[in-house]
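[1] Sequence and computational prediction follow.
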Amino acid sequence: MPAAAAELKPWQLSEAALKLTVFLAVAAITSAASGCTSEQAYSSGQAWRRNECNKMPDSERERCMSKADMSYETYRREAEGAKRP
């Protein structure tokens, strides 16, 4: 154990713990301030997915695109249905 760590009082944070705490606080504030909803995140993911589908051979592209074109509401219903026993 480094000498500096041994000198800490129980209520004091090490430099690494302090940096982690600041990082987590900034991340939480940034996330809250961005206002990105789950629907917006889903939409971004689907746009990426459509782009990936376009790279596939014709035989696979149609199936891929049908999943990529799924609405958020349909996705949410299916996800909720999968959670139920």
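    Done, it's in.

[2] The helix or strand residue 29 falls within: what's the following helix or strand?
    In this assignment (DSSP states H and E), residue 29 forms part of helix 15-34. Sequence order places helix 38-53 as the next helix or strand after helix 15-34, per DSSP H and E.

[3] by how many degrees do the helix or strand just after that next one and helix 38-53 diverge?
    Following helix 38-53 in sequence order, the next helix or strand is helix 58-68 (DSSP H and E). Here helix 58-68 points in a direction 180 degrees away from that of helix 38-53 (axes from the mean of the first three to the mean of the last three Cα atoms, to 10 degrees).

[4] for helix 58-68, which positions count as buried?
    64, 68 (16 or more other Cβ atoms under 10 Å). Just so you know, the C-beta spots here come from the backbone N, C-alpha and C atoms, and that holds for glycine as well.

[5] Can you name the residues in contact with that helix?
    Contact with helix 58-68 is made by 46, 49-50, 52-54, 56, as judged by Cβ atoms under 8 Å, 6 or more residues apart in numbering.

[6] now that helix, how far from the chain's geometric center?
    24 Å (Cα atoms, centre = their mean, to the nearest Å).

[7] Output that helix as PDB - backbone C-alpha positions only.
    The C-alpha trace of helix 58-68 is given here as PDB (Å, rounded to 0.1, in the frame of the first residue of the first chain):
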ATOM      1  CA  ASP A  58     -29.600  -9.100 -52.000                       C
ATOM      2  CA  SER A  59     -30.600 -12.400 -50.500                       C
ATOM      3  CA  GLU A  60     -30.200 -11.200 -46.900                       C
ATOM      4  CA  ARG A  61     -30.900  -7.500 -47.400                       C
ATOM      5  CA  GLU A  62     -34.700  -7.700 -47.400                       C
ATOM      6  CA  ARG A  63     -34.900  -9.700 -44.200                       C
ATOM      7  CA  CYS A  64     -32.500  -7.300 -42.600                       C
ATOM      8  CA  MET A  65     -34.400  -4.200 -43.700                       C
ATOM      9  CA  SER A  66     -37.700  -5.600 -42.400                       C
ATOM     10  CA  LYS A  67     -36.200  -5.600 -38.900                       C
ATOM     11  CA  ALA A  68     -34.500  -2.200 -39.500                       C
END
